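Visitor: predicted model and sequence follow; I will ask about them next.
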Amino acid sequence: MTAGCSFELSGHEVHIWTLRTSVAGTLAERFEGVLAPEEKDRAVRFRFDSHRNSFIVRRGTLRCLLGSYLNLHPASIRFHYGSKGKPALALPAGIEFNVTHSSGLAVFAFTAGCQLGVDLEQICLMPDARNIADRFFCAEEAAEIMSLPPGERECAFFSCWTRKESYIKATGDGLSAPLDGFRVTLRPNEPARLIHIAQDKNAARLWTLHDLPLSPDYAAALAYRDRQRALSVFAIADPAEFLTVL
């Protein structure tokens, strides 16, 4: 596992782990042994081996990381799910976590004592960026994206998307929450921030947003309901590194 890392979380820290999830089936098999029966059932429903292996590695790694934080065997960890599907530890242990994945990478965020969410998207050309922004973002965000030079629009679009997704994942509302109900900053080099939540600027000040510079081809963001916390962002890891705890 990453050298020099610590599995101690103070009350004002967030740990960010990033994992490559494109793996051979033989490696996925080693992670499968720590999964719960319902996770194994989910895995077999994937049509393609690559998607199945990626799921197994993500879930197995989440268990390995939680096991290291909690000093438990990964297979012993149990989850429960909120009404919108957000996972949490079945037995409260003071640790909050969230997971996201996109195109061969997965990100795991851990903290103590506050809601948090993380989102990751691979940046790509978006010929329909205007239509998507008009449909899902608030009017000010959509106009701001289209006011930028063409070469900056994709980055602004994905910055906006990941910042918004990280917030609704932190609240546990998921896609049931309208993305146009709150506004975020999105311009290049502009600090990540919630501007308002349902037009309430004071509510927005209760939250902190961070961009996560994990890889040049990806946009990633973190949201949590607290003043700014110290971030520890570990280098992108190979899944085999996490098998050392088994």
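Guide: That came through, no problem.
Visitor: where does the chain have its least confident helix or strand?
Guide: Lowest mean confidence among the helices and strands of the chain (mean pLDDT, DSSP states H and E): helix 25-32, at a mean of 89.
Visitor: and that one, what does it pack against?
Guide: On a contact count with 3 or more C-beta pairs under 8 Å, 6 or more residues apart in numbering; DSSP states H and E, helix 25-32 meets helix 49-70. The way it works is simple: take the backbone N, C-alpha and C, and place the C-beta from them, glycine included.
Visitor: before we move on, the earlier item: quick one: contacts of the least confident helix or strand of the chain?
Guide: 40, 43, 49, 52-53, 56-57, 59-61, 239-240, 243, 246 (C-beta atoms under 8 Å, 6 or more residues apart in numbering).
Visitor: if we go to 10 Å?
Guide: With contact meaning C-beta atoms under 10 Å, 6 or more residues apart in numbering, helix 25-32 is reached by 21, 23, 39-40, 43, 49-50, 52-64, 74, 238-240, 242-243, 246.
Visitor: quick check: buried residues in whatever helix or strand comes next after that helix?
Guide: Using DSSP states H and E, the helix or strand that directly follows helix 25-32 along the chain is helix 37-44. Across helix 37-44, burial judged by 16 or more other C-beta atoms under 10 Å covers 39, 43.
Visitor: who are the packing partners of helix 37-44?
Guide: helix 25-32, helix 49-70 (3 or more C-beta pairs under 10 Å, 6 or more residues apart in numbering; DSSP states H and E).
Visitor: whichever of the contacts of helix 25-32 end up buried, select them in ChimeraX.
Guide: The following ChimeraX line selects those of the contacts of helix 25-32 that are buried, judged by 16+ other C-beta under 10 Å:
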select :21,23,39,43,52,53,54,55,56,57,58,59,60,61,62,63,64,74,239,242,243
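Visitor: where does this protein dip in pLDDT?
Guide: Scanning the chain for pLDDT under 70 picks out 1-5, 175, 245-246.
Visitor: centre-most residue in it?
Guide: Residue closest to the mean C-alpha point of the chain, counted by C-alpha atoms, centre = their mean, is V118 at 2.8 Å.
Visitor: confirm it sits in a strand?
Guide: Yes - applying DSSP: H, G, I helix; E, B strand; the rest coil, one finds V118 inside a strand.
Visitor: what about it, distance to L72?
Guide: From V118 across to L72, the span is 22 Å (C-beta to C-beta, to the nearest Å).
Visitor: how about the helices in this protein?
Guide: 25-32, 37-44, 49-70, 129-136, 139-147, 150-171, 201-204 (DSSP state H).
Visitor: would you turn those helices into TSV with distance to K84?
Guide: Formatted as TSV, those follow (distance: least, C-beta to C-beta, whole Å):
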stretch	distance to K84
helix 25-32	26
helix 37-44	17
helix 49-70	19
helix 129-136	17
helix 139-147	23
helix 150-171	9
helix 201-204	20
